[in-house]
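A.B. asks: Here is my input; please provide its structure:
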Amino acid sequence: MAHNHGHDHTHGTNKKVLLISFLIITSYMVVEAVGGFLTNSLALLADAGHMLSDSISLAIALIAFKFGEKTASKCKTFGYKRFEILAAVLNGMTLIIIALYIFYEAVKRFANPPEVATTGMLIVSSIGLVVNIFVAWIMMRKSDVEENLNMRGAYLHVIGDMLGSIGAIVAALLMMFFGWGWTDPLASVIVGFLVLRSGYFVAKSGLHVLMEGTPQNVDIDEVIHTIESEKGIQSIHDLHVWSITSGLNALSCHAVVSDEVTIAESEQLLRNIEHQLAHKNINHVTIQLETSAHLHDDSILCQMKPESSDHHHQHH
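C.D. replies: This is a model prediction of the structure:
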């Protein structure tokens, strides 16, 4: 298929960007965790927790890209492309757990705000902001944060981190000038909500793919119209559209062709449809052509009945 070249090219750059981002973020996460511990700032520790989830998500994304490159085998006919989606779901769940822990710690601190070394906190969070802006800039410039679920997850994490660092900076300044000890746990709660939100969305998108949901970037009605408006096609049924992994959507259906369509014409027909669907974000198309004599069910979406074995050897 000619249109898969783009997928491979962005794949390579995504991997490089991920590796660079992973190294920068992991190094800084260690700095921030130590800084949070030494200055006794929960806002810094929460941000380090967010960065930890970041570096985990980047590491998972890297491993997923590596696994995704493994070729298909008789045992796994799609290769390991789904690994990346499993990774995204796992990452989402991890984030939700981290967020709940941050809330738990913050509640204790609101009741009893401890002493925080504000100058150290300000320095560490300011460097954190610079680091995050730099990583977000690399990701925006060089990788596919729109389509790829893994890259998008990683990018959203970094944006969340950026806001976390801003929260810690503001909290440090408020404590320095007004002595408001509660701003530290407050900043950590805000970070906690960011962590929770990104965790929820990443897990939700991943589960949608695992449940074979219709891809977000595919309009089913447009797809049906595209196939049915092709000359020679009378109707379609048993239509399925799903994602194998981010940026790789598949379609299968049965299409009824008029009796006078020859084999050569039907091959051309399939090529035309494949070409049209490539522009509708569908990369992998399987269409079974049949004549009207073959019709067994005229509903467009397949009504799967596993127990109905009455027609299981009629399809050729």
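A.B. asks: Roughly how far does the residue sitting furthest away from the middle of the chain sit from residue 234?
C.D. replies: Ranked by distance from the centre of the chain (C-alpha atoms, centre = their mean), the top residue is residue 260, with 45.4 Å. Distance, residue 260 to residue 234, using C-beta to C-beta, to the nearest Å: 11 Å. (Each C-beta comes from the backbone N, C-alpha and C, glycine too.)
A.B. asks: how about stretch 104-117: buried residues?
C.D. replies: By 16 or more other C-beta atoms under 10 Å, the buried positions in stretch 104-117 come out as 105, 106, 109, 113, 116, 117.
A.B. asks: what's next to that stretch, contact-wise?
C.D. replies: 38-42, 45-46, 172, 175, 181-182, 184-186, 188-189, 192 (C-beta atoms under 8 Å, 6 or more residues apart in numbering).
A.B. asks: Could you turn the buried ones of these into a ChimeraX selection?
C.D. replies: Buried residues within those, by 16+ other C-beta under 10 Å, are selected in ChimeraX with:
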select :39,40,41,42,45,46,172,175,181,184,185,186,188,189,192
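A.B. asks: which ones among the contacts of stretch 104-117 are found in helices?
C.D. replies: The helices, defined by DSSP state H, take in 38-39, 42, 45-46, 172, 175, 184-186, 188-189, 192 from the contacts of stretch 104-117.
A.B. asks: So the residue farthest from the centre of the chain: helix, strand or coil?
C.D. replies: Assigned by DSSP: H, G, I helix; E, B strand; the rest coil, the conformation of residue 260 is coil.
A.B. asks: and residue 159, how many neighbours?
C.D. replies: Neighbour count of residue 159, defined by other C-beta atoms under 10 Å: 18.
A.B. asks: any idea which helix or strand carries residue 237?
C.D. replies: strand 233-245 (DSSP states H and E).
A.B. asks: ugh, wrong one, residue 135
C.D. replies: Residue 135 belongs to helix 118-142 when assigned by DSSP H and E.
A.B. asks: ok, and for that helix, which residues are buried?
C.D. replies: For helix 118-142, the neighbour count (16+ other C-beta under 10 Å) marks 118, 120-122, 124-125, 128-129, 131-132, 135-136, 138-139 as buried.
A.B. asks: Equivalent analysis for stretch 25-45, please.
C.D. replies: Buried residues in stretch 25-45 (16+ other C-beta under 10 Å): 25-26, 28-29, 31-33, 35-36, 39-45.
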